[in-house]
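> Generate coordinates for the sequence data below:
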Amino acid sequence: MSRRRLVLGLAAAAVAAAAALWYPTDERRVRHRFELLARYVQKDAGEPALAGANKCRLLADLFTDPFRLEAGEDVPFTEFAPRELAALAARERARWRTVSLRFRDLRVAFPEPGRARADFSAVLVLDPGGGRPEYDAREGVCDLVEADDGWRFQRCRAVEVLER
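Reported below is the predicted structural model:
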């Protein structure tokens, strides 16, 4: 009888540990939004136009209305409606054979309930198909707000790391 209790106890502990590891915390949900952003921006060679249009439509659902983009000190901020972002993404994706966006060193903090701030490094690779790919690496900060259907990007800004 004691051996059976030991086995049941170990099984219950394993289930509890697995649930704790895979339970979707707010940090995991915010990280997932960055994964979705990278997935929707990505364009593979030969991607059908309809698949690209669907990615742009889904991309719009990741942002608040309005969304504020601060590209750097020399560029003033710009506010976009999600549909404007989707249209801009569609135009830009059409210019390139492949597009890749990767986020690295993603750090998420929650300054108050319902709000998140994420610091990251991002690498954007744009391949025209006939020449050399263009690489753009930047540090950034995004503010996200919690909505009924998940976390949404409210504001992103580029962070100047080095001055020339």
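> Give the full set of residues in contact with the residue most central in space within the chain.
Note on the chain: the residue nearest the mean C-alpha position is residue 34, at 1.6 Å, using Cα atoms, centre = their mean. For residue 34, the set of contacting residues under the criterion of Cβ atoms under 8 Å, 6 or more residues apart in numbering consists of 103, 106, 118, 120. (C-beta placed from N, C-alpha, C; glycine too.)
> Of those residues, which belong to strands?
Of these, the ones assigned to strands by DSSP state E are 103, 106, 118, 120.
> Show me which pair in the residues you listed is furthest apart.
When Cβ to Cβ is used, the two most widely separated members of the ones in strands among the contacts of residue 34 are 103 and 118, lying 8.7 Å apart.
> more crowded one of these two?
Here residue 103 and residue 118 are set side by side on neighbour count (other Cβ atoms under 10 Å), and the busier one is residue 118, at 22 against 17.
> after the worst-scoring helix or strand of the chain on mean pLDDT comes which helix or strand?
Within the chain, judged by mean pLDDT, DSSP states H and E, the helix or strand with the poorest mean is helix 2-22; its value is a mean of 63. Past helix 2-22, heading to the C-terminal end, the next element that is a helix or strand (DSSP states H and E) is helix 26-41.
> thinking again about what came up before, per-residue confidence for the residue nearest to the centre of the chain?
Residue 34 carries a pLDDT value of 96.
> Residue 57 is in what secondary structure piece?
Residue 57 belongs to helix 49-60 when assigned by DSSP H and E.
> can you pull the buried residues of that helix?
52, 55, 56, 59, 60 (16 or more other Cβ atoms under 10 Å).
> Low-confidence regions, this protein specifically.
In the predicted model of the chain, residues 1, 6-23, 73-76, 162-164 satisfy pLDDT under 70.
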